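> With the sequence up front, the predicted model follows.
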Amino acid sequence: MASKSLNIARYEKVFATLIKYGFEDILSHPPLNKIFPQKNSLVPSRGGIKVSQYTRFERIRLVCEELGTTYIKFAQIASNRPDLLPEDLISELEKLQDNVPTVPFESIKEVLKNSLSRPIEELVEYLDPNPLASASMAQVHRARLIGGKEVVLKVQRPGIADIIKADIGILKNIVSIIEAYFPDYKNYQPRELVKMFERSINEELNFRMEAKNLKHFQNNFKSNDLVYVPALYEEICTDKVLCMEYIDGYKITDLASITEIGITGEWLALKGIGLYYEQIFDHSFFHADPHPGNILVLRNGKIAFIDFGMMGTVIEKDKMTFASILLAMYEGDVKDLKKAILVFAPNLSEDLKRDLEYDLIYFIRNYTDVAIENLDGNEIMKGLNSMFYDYKLRIPSNLLLLLKALIIIEGVGLKLDPNYDIIKNIGPYVKKLFLTRFDPSKIQKDILKGSADMTDFLSNLPEDLKIIVNKIKNGKIHIEFEHKGLEPLYKTSQTIVNRLSFSLIIVAIIIASALLFKIDFPYKLFHIPIVSIVGLVIALFLSFRLFYSIRKHGNF
């Protein structure tokens with residue numbers, strides 16, 4: 001019953017906000033127009049400006065801001081899809097920030113009580129009531145375990161899962177209406193965006209997934225002495241609570257403090273950012289939110305990544321394509337860059353391919369002659385986003401996540417070292433990736449795998465052929481035939497058959513009328529039987545009809 005009341009309340013809030021910001025057109029179609037009647041009201045203001053004076057994309061951002069967590073998260077995730085959304089809308093969505101009030105400490109303790117198998121007092125000797133951080137999904141508190149280990153507890157906001165579930169249902173209903181009644185918005189593929197968001201937000205809601213990410217990341221860097229990964233305390237981890245070691249370090253961009261421990265910005269840019277490239281090209285598993293607050297430098301010089309809630313995975317094929325794009329950009333090779341990008345648009349017409357090549361020439365000229373310190377990663381990203389959208393290049397979501405993360409990491413690199421060149425420093429990793437394709441052990445492994453597949457195919461071939469032959473003998477084999485592009489030929493052949501049939505009928509009538517000349521009919525005209533005259537008149541009329549049809553369609 002409580003869940004139903006929450007749904008109704010959320011619907012009312014969403015509808016009222018949409019109307020407030022001028023989206024009555026969405027609510028004017030069934031079934032929503034029956035649920036929420038239209039009202040004529042005064043035009044509201046935001047920041048002293050009438051809502052009507054904002055652009056449609058600005059009003060979409062304002063709606064998301066007012067509706068809170070779910071819609072802000074949805075907009076942030078949607079902003080990672082420049083292949084589906086226009087650049088102006090993405091620019092607006094990227095302005096969204098999670099500005100949420102802190103959850104009262106008593107409510108946090110209630111979540112801990114309901115989520116853990118033992119009372120929190122039996123697990124920690126101290127829990128700081130003041131949060132270290134507060135976000136839309138969770139709140140982080142510092143604590144000390146029994147025995148003295150310093151940890152942080154990430155606790156899910158109470159009731160947030162129910163709110164998100166209700167909001168996803170509302171989003172799905174709105175999407176159905178948009179696709180049915182607003183064909184212009186269908187190009188943005190709202191259904192796919194909601195589906196992608198639902199998968200992403202459900203993973204983020206389950207803190208066990210973040211725990212798995214941390215363990216996987218830890219395993220990847222177990223032999224690297226430069227990286228420090230916080231310990232995980234699994235006995236205090238649930239789907240709503242995450243317990244990990246407290247990391248006492250400096251933000252990677254805090255150069256004043258880092259210099260005091262003997263580390264230069266240039267060294268940190270080279271080594272620290274290099275660790276990120278290692279995640280991508282060696283492990284295929286990368287931190288998808290590498291802003292400075294999530295990368296810390298310890299007093300012993302080690303580098304620690306924290307917050308493993310948003311991670312990305314890239315498969316070998318996409319990694320090779322991504323490497324091809326980077327290498328082509330580094331070498332200024334437009335043809336190779338076009339070839340790499342066209343992997344994401346195999347059905348692009350020749351005219352559009354030519355237009356894309358011109359745009360790529362312009363894009364490369366824009367950025368290759370600019371000094372490193374003057375390069376703006378966000379501007380480069382905007383240029384790429386514009387091409388993705390204009391040419392409907394369907395980029396895998398994890399590759400887009402990777403591109404965005406690289407723009408963030410490039411910004412970090414330039415803060416540490418104004419002369420940091422991301423393309424130059426990523427080059428060795430890219431070349432190493434290409435060289436692995438020619439590694440004798442990998443080639444041998446691929447050959448062995450191919451041989452095993454071929455052996456398996458040949459060993460099963462006699463039995464498969466026997467099954468096919470038996471089906472043919474018993475008349476049980478079915479062949480599906482799908483023709484494409486034959487409609488004009490079918491239409492032409494049908495016209496020919498119709499005209500031929502019509503001609504045969506005319507000839508038959510003429511022959512029959514001529515034969516009737518020799519029969520002695522009582523009714524004659526000019527000594528010709530009336531029946532023969534009628535037949536010849538009909539044949540003459542049909543002949544003119546056929547002649548007119550041929551002339552009309554230009555096929556005479």
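It's in. All figures in this text were calculated on a predicted structure; none of them were measured in a lab.
> use CA for all of it now, contacts and neighbours both
Will do.
> What is the least confident helix or strand in the protein?
Counting by mean pLDDT, DSSP states H and E, the weakest-scoring helix or strand in the chain turns out to be helix 32-35, with a mean of 50.
> For the residue nearest to Lys251 when sequence neighbours are not counted, pull up the helix or strand it's in.
Among residues not flanking Lys251 along the chain, Leu296 sits closest, at 4.7 Å (Cα to Cα, 6 or more residues apart in numbering). Here Leu296 sits within strand 295-297, counting by DSSP states H and E.
> Could you tell me the average pLDDT over that strand, please?
For strand 295-297, mean pLDDT rounds to 93.
> Can you give the contact residues for it?
Strand 295-297 has contacts (Cα atoms under 8 Å, 6 or more residues apart in numbering) with 249-252, 258, 303-306.
> Tabulate those residues (TSV), appending distance to Leu403.
Output for these, formatted as TSV (distance: Cα to Cα, whole Å):
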residue	distance to Leu403
Gly249	27
Tyr250	26
Lys251	22
Ile252	21
Ile258	28
Ile303	22
Ala304	22
Phe305	19
Ile306	20
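> which one of those residues has the most neighbours?
Within these, Ile252 tops the neighbour count with 26 neighbours, counted by other Cα atoms under 10 Å.
> now that residue, nearest residue through space, not along the chain?
Excluding the flanking residues, the one nearest Ile252 by Cα to Cα, 6+ apart is Leu296, at 5.2 Å.
> what separates the one you found from Val227, distance-wise?
For Leu296, the distance to Val227 equals 10 Å [Cα to Cα, to the nearest Å].
> Of the two, which one has the most company?
Per other Cα under 10 Å, whichever of Leu296 and Val227 has more neighbours is Leu296, with 23 against 19.
> Who does that one form a beta bridge with?
Using DSSP bridges, the beta-bridge partners of Leu296 come out as Lys251, Ala304.
> And the residue nearest to Lys251, how close does it get to Leu515?
Look at Leu296 and Leu515: by Cα to Cα, they are 107 Å apart.
> rewinding a little: shared neighbours, Leu296 and Val227?
Common neighbours of Leu296 and Val227 (Cα under 8 Å, 6+ apart) are 303-304.
> Going along the chain, name the helices of the stretch 251-400 of the chain.
Taking DSSP state H, counting those that start in this stretch, the helices of the stretch 251-400 of the chain run over residues 255-260, 265-278, 316-331, 334-341, 350-368, 377-390, 397-416.
> Does anything pack onto the fourth one? Which helices or strands?
Right, helix 334-341. Judged by 3 or more Cα pairs under 8 Å, 6 or more residues apart in numbering; DSSP states H and E, the packing partners of helix 334-341 are helix 316-331, helix 350-368.
> Pick the most buried one from those.
Of all the helices and strands packed on helix 334-341, helix 316-331 carries the top mean neighbour count, a mean of 17, counting by mean count of other Cα atoms under 10 Å.
> Quick check: Ala231 touching Leu242?
No - between Ala231 and Leu242 there is no contact under Cα atoms under 8 Å: 11.4 Å.
> who has more neighbours, these two?
Neighbour count, other Cα under 10 Å: between Ala231 and Leu242, Leu242 has more, with 23 against 15.
> you'd agree that one is in a strand?
Yes - Leu242 sits within a strand when classified using DSSP: H, G, I helix; E, B strand; the rest coil.
> Wait, it touches Val155, no?
Yes - judged on Cα under 8 Å, Leu242 makes contact with Val155 at a distance of 6.7 Å.
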